[in-house]
Each structure stands twice: as C-alpha cells, then as structure tokens.
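> here is a sequence with its predicted model. Questions after.
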Amino acid sequence: MSPSRLAIHGGTPVRSSYLPYGKQVIDEEDIASVVKVLRSDFLTSGPAIERFESEIAKFTGAKYAVTFSSGTAALHGACYAAGIGEGDEVITTPMTFAASANCVLYQGGKPVFADIDPLTYNLDPARIKENITDRTKAIIPVHFTGQPAELDEIIQIARENNLIVIEDAAHALGAKYRNKSIGSIGDMTMFSFHPVKHITTGEGGMITTNNPLYYEKLLQFRTHGITRDQSRLRGNHGPWYYEMQFLGFNYRITDIQTSLGASQLSKIGSFIEKRKQLAEWYTQKLSPIEEILLPHQRSYVDSSWHLFIIRLQLSKLTAGRKEIFQALQKENIGVNVHYIPVYLHPYYESLGFQKGICPVAESCYEEFITLPLFAGMDHRDVMDVVEAVKKVISHYSNK
C-alpha cells in the first residue's frame, strides 16, 4: 500500500477531478429520442408512455407495467392497490431509502422494521416471521444494491400468512433470482428511473405485476382516481364523460421522460454488463485488504450491481467511518453511505421508533461506505478508487 500523504492532510489527491458515486449515461440516441417527442403532438399522456410500459413488461417478463412520476409514487400506488389502510402493518427493511416505508404511512398504515441478513444486507426471512401479527398486510423486501432478497422464503411466508409481497427493486432492474427476472415474481414490483439507477427517465418509476386487478387500480390511482372505461362508469352523459371514483393522485409521467427511458432500456444489457465488470475489478483489486469486507453474493442470484459497498472492519482501524469517508472524498473519490436506517430519522423517532430494534442494520450503517459505480466509468476510474482506498486504509490501519 502507498505510504503517500493523504490529501486531507495536505497531500496530492489520487484524482485531479471528482468521481461521483453514481451518474447517468446519456448519448446522442437518447437526446434524439427526446427531441422527437418534443416535435410530436404528445408531450404527456401519449403513445410513448404505453410503449415504454410494454417494453419494461417484456424485459421483466411481467404481464403488466404502469409508469409513475417517481419510484416513490409507484410504491404509493402499490400500497393503494394492495389495500393497505389505517392500522395495517407492513414489514420492510430499515436498510433502504425512506420511500420504502413512507409509502405505508401515506396509506395510514404502519411500517414494521425487521432486521437484515449480515451477509447480503437484505431483509432476513427469520426476522420477518418474528414481526408478523394479525395486523400484518404486506411485506416490502428491498433488493439492496441490486442483489435479490430471499424471495422463495419471503413468498412462502407471505402465502402462509395471506400477505402481499411488494418488491422494492429500485436497485435491481435486470437482476435475476433463480433464473427468474426481477419484476415477474412478487405480487407487485417497483423500479426506479432516477439518474443514478441503471436507466433513467430523469425522475420516474414503474410497477410491474401479473395481477389484472392491481393493474387496473394502479392505472386509475395515478390519474386522480379517474376512469373513462365505459364498462366501469356509473353513468354516461356523452363521449366526453369520465368519473373520479376514488381519491387518487396526479402521479403521471410524461412522454418526454418515457421516450428517454425507452432509449435507455435499449442499452440496458451493456449497462449491466459494464456494472458487473466494474464490480469484478473492484473485487479482484480490493480483496487482499484485510480491513474491509467486500459484498457477498448468493450463488443462485444474478445481481444488477446498482451499488458496490465495502464494510469497514473498525477493530482493525484507528479511525471511524466518518474520518475514512472524509479522507476518501478529499482524494476526489465520491463515496457515499447507503443507508441511514429509516427509523433513526427524526420523523420516525417522533412516531415512537427507537434505536436498537434492528442491531444488524445499525452495525452495518456504522461500517458501510459506497464506492463509485456507474456504466460511464472505465478501468482507470476503478484503479483510481482502488488506489485511494488502499492509501486511506493503509494510513488508518492498526497493523
């Protein structure tokens, strides 16, 4: 390992320019697809939306797909379609972005946080069982970093207890579980198209499902609860007539966004292969470092590698995560942390959640650092990150 002076202490940074942890990859084809829509008759509620939905459904193997203005809106729609309401409990992981639990609150339900597996960092099926009550209505597993959760066990638990499974696959477009595509397995699956994800629509989300009843509810929910379907109208005053049949939301996405999404989707294969290659390079180069743990991958899953997380072995280091994080940033490496356990946020504390309910997740949070990983990176970028990690860890190693 290099003994050179850390940038945070006045030394020269490994990189001269900042490398973000995630970033969209946009090419001329993507730009042309958006321009084409801008010159068309439809900017929203037009044919580009249905085309994108059809292509996502085909890619995942799902029967239906419904776009939303964001992944959060999509999760909200899924909770509505699942019938989650006042007093219902939904079990999820604390190791996620707040939206995975907020969607339950939007419906008047209560998120229940179950701890994570210490190897995969995904929701632990044994902890799910411990948290089931007569109020439990659904389970929201999150495919953390792109590695699918233990779906066989989770779905079996759900069937035994008459629960609905809503997969949060914000990280997992293109991932597979036992050779089945994520998006075709659970009752509903959410994908996110935020710029740091595998493909982007700017902001945007999607629910895939094989259930026609959920599909119809999702379509209506994203449009104020309004329908024009002649077979479902209570009355009919004329060809202009429509009805708002329940309180929905304006969660529609635009043709501008979905045209970008469709263009991006055409490149999803190369994007995922690039992420896998980057992860392989990281694994090869970082595995000799005793002071960190690298991601553990189950043999029967195929991760789409949204994130590459290292776990610090703090007992082998003379500094905490904060010092190491800051040192890496000063080397111009855009590290991040995923995630603050949801129930530790002040709002959740105000709801009565307390520290200590998921000790594995809390321990992981104190030790996690996310390294840069996106399809626009190359081998030189990876080597810069590796050099910075070695430089910083060497400085703080207690060996």
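Sure, I can see it.

> tell me the contacts of the residue nearest to Lys276 when sequence neighbours are not counted?
Nearest in space to Lys276, with sequence neighbours left out and distances taken as C-beta to C-beta, 6 or more residues apart in numbering, is Trp305 at 5.7 Å. C-beta here means a position set from N, CA and C on the backbone, and glycine is covered the same way. Going by C-beta atoms under 8 Å, 6 or more residues apart in numbering, Trp305 touches Thr145, Gly146, Ile272, Arg275, Lys276, Leu278, Ala279, Leu373.

> can you list phi and psi of Trp305 for me?
phi 50, psi 60 (degrees, to the nearest 10).

> surely Thr67 is within a helix?
No. Using DSSP: H, G, I helix; E, B strand; the rest coil, the secondary structure at Thr67 is strand, not a helix.

> is it true that it touches Arg51?
No. Using C-beta atoms under 8 Å, Thr67 makes no contact with Arg51, being 10.5 Å away.

> give the intersection of the neighbour lists for these two.
What both Thr67 and Arg51 touch, as defined by C-beta under 8 Å, 6+ apart, is the set Thr258.

> these two: who's more crowded?
Counted by other C-beta atoms under 10 Å, Thr67 and Arg51 do not tie: Thr67 has more neighbours, with 29 against 15.

> the residue nearest to the more buried one when sequence neighbours are not counted: how many residues sit nearby?
Among residues not flanking Thr67 along the chain, Ile253 sits closest, at 4.5 Å (C-beta to C-beta, 6+ apart). Residues lying near Ile253 (other C-beta under 10 Å) number 29.

> residues in contact with Ile253?
Contacts of Ile253 (C-beta under 8 Å, 6+ apart): Thr44, Ile49, Thr67, Phe68, Ser69, Thr201, Gly204.

> buried subset of these as a ChimeraX selection?
Buried subset of the contacts of Ile253, written as a ChimeraX selection, criterion 16 or more other C-beta atoms under 10 Å:
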select :49,67,68,69,201,204
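
> point out where the stretch 101-250 of the chain drops to low pLDDT.
Applying pLDDT under 70 to the stretch 101-250 of the chain flags no residue at all.

> and the residue sitting nearest the centre point of the chain, how far from Thr96?
In the chain, the C-alpha nearest the mean C-alpha coordinate belongs to Ala170, at 2.5 Å (C-alpha atoms, centre = their mean). Plainly put, Ala170 is 8 Å away from Thr96 if you go by C-beta to C-beta, to the nearest Å.

> overlap of the contact sets of the two?
Common neighbours of Ala170 and Thr96 (C-beta under 8 Å, 6+ apart) are Val142.

> please enumerate the strands of the stretch 151-300 of the chain.
Assigned by DSSP state E, counting those that start in this stretch, the stretch 151-300 of the chain shows strands spanning 164-168, 176-177, 180-181, 188-192, 205-209, 226-227, 243-244, 292-293.

> other SSEs contacting the fourth one?
The reference is to strand 188-192. Strand 188-192 sits against helix 71-81, strand 164-168, strand 205-209, with contacts defined as 3 or more C-beta pairs under 8 Å, 6 or more residues apart in numbering; DSSP states H and E.

> against which helices or strands is the first one packed?
Other helices and strands packing on helix 71-81, by 3+ C-beta pairs under 8 Å, 6+ apart, are strand 64-68, helix 99-106, strand 164-168, strand 188-192, strand 205-209, helix 212-221.

> would you turn the strands of the stretch 151-300 of the chain into a markdown table with mean neighbour count?
Output for the strands of the stretch 151-300 of the chain, formatted as a markdown table (neighbours: other C-beta atoms under 10 Å):
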| stretch | mean neighbour count |
| --- | --- |
| strand 164-168 | 26 |
| strand 176-177 | 20 |
| strand 180-181 | 17 |
| strand 188-192 | 29 |
| strand 205-209 | 29 |
| strand 226-227 | 18 |
| strand 243-244 | 14 |
| strand 292-293 | 17 |
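
> closest to Leu38 out of the ones you listed?
strand 205-209 (22.4 Å; C-beta to C-beta).

> I'd like to know which elements the closest one is packed against.
helix 47-60, strand 64-68, helix 71-81, strand 188-192, helix 212-221.

> gap between the nearest residue to Ile226 once chain neighbours are set aside and Gly83?
Excluding its sequence neighbours, the residue lying closest to Ile226 (C-beta to C-beta, 6+ apart) is Met244, at 4.9 Å. Met244 sits at a distance of 19 Å from Gly83 (criterion: C-beta to C-beta).
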